[in-house]
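Engineer: quick one, fold the following:
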Amino acid sequence: MIVFHDPSEVPEGFGPSVVAIGKFDGVHSGHRAVIDRARVAAAEAGAQVVAVTFDRNPLSLLRPELCPEPLSSIDQKLGLLAEVGLDATLVLRFDAELAALEPRAFVEHVLVRLGVVTVMVGDDFRFGRGGVGDPVLLARLGREYGFAVEVVGDVQGGGRRVSSSWVRDLLAVGDVEDAARLLGRPHAVSGEVVHGLKRGRELGFPTANLGEDAEGFIPADGVYAGWLVVAGGPGDAAGVTTRYPAAISVGTNPTFGDVARRQVEAYVLDESGLDLYGHRVQLRFTHRIRGMVAFEGIDALVAQMTDDVARVRAALA
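Structural biologist: Sure, this is the predicted structure:
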């Protein structure tokens, strides 16, 4: 997948293209419905399929007090978009200049440059200064500039529209299984493995700790079953991905009470001597095992961790 970070990077004569526009935070099943329809239209038209998205949530500039924490970083989002069969993605820097574009200027600045023949949007799509543009206005401009507009209906689940907000609400209470159903895959957090207090090693459960720059929405405090995934891991050739079953802990280790920030760490099952320091890894959350609690003494904590690992093993079997 080609990635453009500005319309000026799109080469002259690019296209024809079918364009799907959206924030695509988390690239959940609702987003993929729009992209899938774009892929079908592109195949019918002999065109390329292109996503147009933003480097941040527009609310971070327009209404920062209402801007939610993102489900995925821009790098994670691009990785997910690359997996759904796009030919290219244009990442627009959402700044004051872009926000000030009138709808017609947005079409000329972005869509015309891509050689668009069809644009796919959701029915809540808004564009242009003050959000005055909607699918109806986009269709009217499309008739002038020679492209069609298709509005893709919402994907529904349990009588509710599938949305990034819904996924975020589920993760905030630790419901990673229902979140996975909406996403179409386990939710993931990624980051570099760094040195921690090595307390897990002392207890017989050495963990890979993610650094403070971990990317992706971190679920509620607790213990989870999941997978630690590393590309080009120890002993692997470049590009090879290795997946390890893992017990994942999120929280501040309340038994000890000396950890200031929430930590994300993973104990890899049945692997001794695995050195992941300095590697970037992905932690995929599949099942919630329990909430985070403080224990009275080390023996009680170790007994619970032993039980946690047994339950993780059963969940991943």
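Engineer: ok so Leu137 is a strand residue?
Structural biologist: No - judged by DSSP: H, G, I helix; E, B strand; the rest coil, Leu137 forms no part of a strand; its state is helix.
Engineer: for it, list the residues it contacts.
Structural biologist: Contact partners of Leu137, counting by C-beta atoms under 8 Å, 6 or more residues apart in numbering, are 103, 128. Every residue, glycine included, has its C-beta placed from N, CA and C.
Engineer: pLDDT weak spots in this structure?
Structural biologist: Scanning the chain for pLDDT under 70 picks out 197-202, 232-240, 255-260.
Engineer: go with 90
Structural biologist: 15, 122-124, 153-160, 195-206, 231-242, 252-262, 270-278, 292-301 (pLDDT under 90).
Engineer: can you map out the strands along it?
Structural biologist: Here the chain has its strands, by DSSP state E, at 2-4, 17-21, 48-54, 88-92, 116-122, 148-152, 156-157, 160-161, 187-194, 208-210, 222-231, 241-251, 263-268, 280-290.
Engineer: show me how far stretch 84-92 is from its chain's centre.
Structural biologist: 15 Å (C-alpha atoms, centre = their mean, to the nearest Å).
Engineer: my guess is Phe285 contacts Ile248. True?
Structural biologist: Yes - assessed by C-beta atoms under 8 Å, Phe285 is found in contact with Ile248 at 6.4 Å.
Engineer: dump the strands of the chain to TSV, plus mean neighbour count and distance to Ser60.
Structural biologist: As requested, the strands of the chain are exported to TSV (neighbours: other C-beta atoms under 10 Å; distance: least, C-beta to C-beta, whole Å):
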stretch	mean neighbour count	distance to Ser60
strand 2-4	16	21
strand 17-21	28	18
strand 48-54	24	9
strand 88-92	21	13
strand 116-122	24	20
strand 148-152	18	25
strand 156-157	13	27
strand 160-161	12	22
strand 187-194	21	20
strand 208-210	25	23
strand 222-231	22	28
strand 241-251	20	24
strand 263-268	23	23
strand 280-290	21	24
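Engineer: rebuild these as JSON lines, extending it with distance to Gly174.
Structural biologist: What follows is the strands of the chain, written out as JSON lines (distance: least, C-beta to C-beta, whole Å):
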{"stretch": "strand 2-4", "distance to Gly174": "33"}
{"stretch": "strand 17-21", "distance to Gly174": "31"}
{"stretch": "strand 48-54", "distance to Gly174": "28"}
{"stretch": "strand 88-92", "distance to Gly174": "31"}
{"stretch": "strand 116-122", "distance to Gly174": "28"}
{"stretch": "strand 148-152", "distance to Gly174": "31"}
{"stretch": "strand 156-157", "distance to Gly174": "19"}
{"stretch": "strand 160-161", "distance to Gly174": "19"}
{"stretch": "strand 187-194", "distance to Gly174": "11"}
{"stretch": "strand 208-210", "distance to Gly174": "17"}
{"stretch": "strand 222-231", "distance to Gly174": "5"}
{"stretch": "strand 241-251", "distance to Gly174": "8"}
{"stretch": "strand 263-268", "distance to Gly174": "13"}
{"stretch": "strand 280-290", "distance to Gly174": "5"}
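Engineer: so which of these comes closest to Glu102?
Structural biologist: Nearest to Glu102, of all those, is strand 88-92, at 15.4 Å by C-beta to C-beta.
Engineer: show me what the closest one is packed up against.
Structural biologist: strand 2-4, strand 48-54, helix 74-82 (3 or more C-beta pairs under 8 Å, 6 or more residues apart in numbering; DSSP states H and E).
Engineer: re the thing from before, overlap in contacts, Phe285 and Ile248.
Structural biologist: By C-beta under 8 Å, 6+ apart, the residues touching both Phe285 and Ile248 are 224, 226.
Engineer: need the contact list for the closest residue to Ile21 other than its chain neighbours.
Structural biologist: Excluding its sequence neighbours, the residue lying closest to Ile21 (C-beta to C-beta, 6 or more residues apart in numbering) is Val52, at 4.6 Å. Going by C-beta under 8 Å, 6+ apart, Val52 touches 19-22, 89-90, 92, 110-111, 114.
Engineer: and these, which is closest to Gly142?
Structural biologist: Gly142 has its nearest neighbour among the contacts of Val52 in Leu111, at 8.5 Å by C-beta to C-beta.
Engineer: hmm, back to that, just so I know, which of the helices and strands packed on strand 88-92 lies nearest Arg140?
Structural biologist: Among the helices and strands packed on strand 88-92, strand 48-54 comes nearest to Arg140, with 18.9 Å by C-beta to C-beta.
Engineer: what strands line up against the closest one, and which way round?
Structural biologist: strand 17-21 (parallel), strand 88-92 (parallel) (DSSP bridges).
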